[in-house]
Structures are given as C-alpha cells and as structure tokens.
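Asker: build me a structure from this.
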Amino acid sequence: MILQKYESYKDSGVEWLGEIPKDWEVNHLKRFSNRVTDGAHTSPDLSSSDFPFLSVVDLKKSKLNFENCLYTSEKDYRQLLKNGCQPELNDVLFSKDGTIAETTVIEQKREFVVASSLIIIKPIIKKIFPKYMSYFLSSEFNKDKSYSSLKGAGLTRISIGNVQRLFFVSPSKPEQITISNFLDKKTTQIDS
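Answerer: Numbers count the residues shown, from 1 in each chain. As a prediction, this is how the structure comes out:
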C-alpha cells in the first residue's frame, strides 16, 4: 500500500501530535461521543449463572472473553440495565482500571453487563467509525496520555473525566474505514 501525502497540513493544536492533514478534526473524545460512562459501581449477586458480568480481566487483545467471566442474577442484571451498564452494538469499551487503554468494539448483540473497570463509549456514528475509535484509543499516543492521568495507589485507574478529555483525531469517515481495514489486515498478518 502506497500512502500519498496530503495536499496541505495544519497545526493540530496539540503539542505532542504536531501537524495533521488540513481536513482532519482534533478535539476531546467527548466531542465525538454521544455518551461516555462506565459499568456497575456496586457488586451484583455473582452466585447465579443467568447473565455475563464482564470486567477488565475479560478484555484482552481487543476481544471479550465470555468463557471465564463472572455471571450475575436476572434481578441484578435488570437493575444494571436500568443503570446503563450494558454496552450496545457499535459501542467501544475502554479499560480504565489496572490494564489501561485496552479497547474493543461491540460488533454483535449479546446480553451482558460490565463492571466499573470498563468505560462504555458511544461514538457519534454519523461521524465516527467505531473500529477506528477503538484503534485510536488503544494507540501508544493515547496509552501514554492515559497512563499520565492515572490515580490511585493499589489499583491505578483513569477517571471517566480524563478519558473524555483525551484528544481524538478524526479524519473523514471514509478515511477512518480505510485506516481500520488496513490495521485489521496488518494485525491479522502479525497474529499469523
């Protein structure tokens, strides 16, 4: 793949980022999202096997592991649904406790809820391709920025507010799709 230079560039306004193509947009993540929240802040009943209850330990290499996850009761599941702890199709999950900036995109409907160790980001679909957002948020740039915002002694974490303030670079949506497809292909080759 031959990458062509863009016609013109502009200062991104972000010191560590430098110049970006003129048509790209840079702003805080919250400006590209309809919602940024996290999962359950209370411990649900985990003695049941009704519905999956995932946490940061269930997110590895951009994949959710349902095989070894905890489960919660139908009653607690219904309450967690009311509290907005269920990711929906095209949402991006972002790990905020312990392991920071691991991401994945919800690509299929499935009944499950998440713990507070995972942030649920709902991209503005008209402007943002979810897979691109996931790749960008797990980039070394954002991992470095995320790690510089950590709080806590025993279990370090990044707050929702600091995640919302992460800078996000948005090319046009067709370019986001092209970038994502390229990264999908290269990641598959590397994994092979």
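
Asker: pLDDT-wise, which helix or strand of the chain ranks last?
Answerer: The least trusted helix or strand in the chain, going by mean pLDDT, DSSP states H and E, turns out to be helix 140-147, with a mean of 88.

Asker: contacts for that helix, please.
Answerer: If you take CB atoms under 8 Å, 6 or more residues apart in numbering as the criterion, helix 140-147 is touched by 16-17, 100-101, 136, 158, 162-163, 166-167. For the C-beta atoms, the positions are set from N, CA and C on the backbone; glycine is no exception.

Asker: switch those over to TSV; also include pLDDT and distance to residue 74.
Answerer: Output for these, formatted as TSV (pLDDT from 0 to 100; distance: CB to CB, whole Å):
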residue	pLDDT	distance to residue 74
16	80	47
17	84	46
100	92	32
101	93	33
136	96	36
158	93	32
162	94	34
163	96	31
166	94	36
167	93	41
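
Asker: just the buried subset of those residues, please.
Answerer: 100-101, 136, 158, 162-163, 166-167 (16 or more other CB atoms under 10 Å).

Asker: of these, which belong to helices?
Answerer: Assigned to helices by DSSP state H, the following of those qualify: 136, 162-163.

Asker: from the residues you listed, which is closest to residue 68?
Answerer: For these, the residue nearest residue 68 by CB to CB is residue 163; the value is 25.9 Å.

Asker: how far away is that closest one from residue 181?
Answerer: Distance of residue 163 to residue 181, given as CB to CB, to the nearest Å: 26 Å.

Asker: now do the contacts for residue 170.
Answerer: With CB under 8 Å, 6+ apart, residue 170 has these contacts: 24-27, 32, 127-128, 176.

Asker: select the longest helix from the protein.
Answerer: Per DSSP H, the chain has its longest helix at helix 173-191.

Asker: CA atoms of it as CSV?
Answerer: Presented in CSV, the C-alpha positions along helix 173-191 are these (Å, rounded to 0.1, in the frame of the first residue of the first chain):
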residue,chain,number,x,y,z
LYS,A,173,-15.4,8.7,7.9
PRO,A,174,-14.3,7.0,4.7
GLU,A,175,-10.6,7.6,5.7
GLN,A,176,-11.4,6.1,9.2
ILE,A,177,-12.8,3.0,7.5
THR,A,178,-9.7,2.7,5.2
ILE,A,179,-7.4,3.1,8.2
SER,A,180,-9.3,0.5,10.2
ASN,A,181,-9.3,-2.0,7.3
PHE,A,182,-5.6,-1.6,6.8
LEU,A,183,-4.9,-2.1,10.5
ASP,A,184,-7.3,-5.1,10.6
LYS,A,185,-5.3,-6.7,7.7
LYS,A,186,-1.9,-5.9,9.3
THR,A,187,-3.0,-7.1,12.7
THR,A,188,-4.2,-10.4,11.2
GLN,A,189,-0.8,-10.8,9.4
ILE,A,190,1.1,-10.1,12.6
ASP,A,191,-1.1,-12.6,14.6
